[in-house]
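Asker: sequence first, then the predicted structure, then my questions.
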Amino acid sequence: MFTDITNLEEFGRIVCHEPGILVLFSGADCGICRALKPKVELLIEGLFPAMKLIHVNAENAPQIAVQNDIFTVPAILVFFDGQVFIKKVRNFSLTELQSEISRLYNLMLS
C-alpha cells in the first residue's frame, strides 16, 4: 500500500533507510495518475514485495518534486540503497517498468 509523504525530511529519511522504494508523483487533476496508482500498487505488491511504495502529490509537496527533478506528472522514481536507478515521466508502459525493476530487484534485494 502507498504511503503518502508531504515532508521533505521524512522523504529523505525513508530513501536513506529503505533498501528498495518506488515513488509515484501525481497531481490532483491528473486522470492518468489516478488510473496508474492502483496498477502500480498491484504490480509492486505482487512481484516485488520487499519494495516500499511512496506517493507524493507534487502539488502538495513541490519541494520533494523539485529536489528530484520532477516537473510533470505522472512520474515514477525507483530507488535502491538510496540511489535513483529508474526514472519514468509522463509516457511509459507498466511492462517496461516491470522489466527494469525486475533486473535490479533480483540484483539488489534477493
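Answerer: Perfect, thanks for sending it.
Asker: count of residues packed around Cys33?
Answerer: 19 (other CB atoms under 10 Å). Any C-beta I mention is one placed from the backbone N, CA and C, and that applies to glycine too.
Asker: numbering from 19 from now on, please.
Answerer: Fine by me, first position is 19 from now on; the one you just mentioned is Cys51.
Asker: my guess is it contacts Ser44. True?
Answerer: Yes - in this structure, Cys51 is within contact of Ser44 by CB atoms under 8 Å, at 3.4 Å.
Asker: which residues do these two both contact?
Answerer: Residues touching both Cys51 and Ser44 (CB atoms under 8 Å, 6 or more residues apart in numbering) are 91-92.
Asker: let me know the secondary structure of the residue positioned nearest the centre of the chain.
Answerer: Among the residues of the chain, the one closest to the centroid is Val41, at 1.8 Å (CA atoms, centre = their mean). Following DSSP: H, G, I helix; E, B strand; the rest coil, we place Val41 in the strand state.
Asker: contacts only, for it.
Answerer: 72-74, 86, 94-97.
Asker: which of those sits closest to Pro56?
Answerer: Using CB to CB, His73 is the member of those that lies nearest Pro56, at 11.3 Å.
Asker: what's the next secondary structure element after whichever helix in the chain runs longest?
Answerer: Counting by DSSP state H, the longest helix found in the chain is helix 49-65. Sequence-wise, the next helix or strand downstream of helix 49-65 (DSSP states H and E) is strand 70-75.
Asker: tell me the angle that following strand makes with helix 49-65.
Answerer: 170 degrees (axes from the mean of the first three to the mean of the last three CA atoms, to 10 degrees).
Asker: tell me which residues in stretch 77-94 are buried?
Answerer: For stretch 77-94, the neighbour count (16 or more other CB atoms under 10 Å) marks 79, 82-83, 86, 88, 91-94 as buried.
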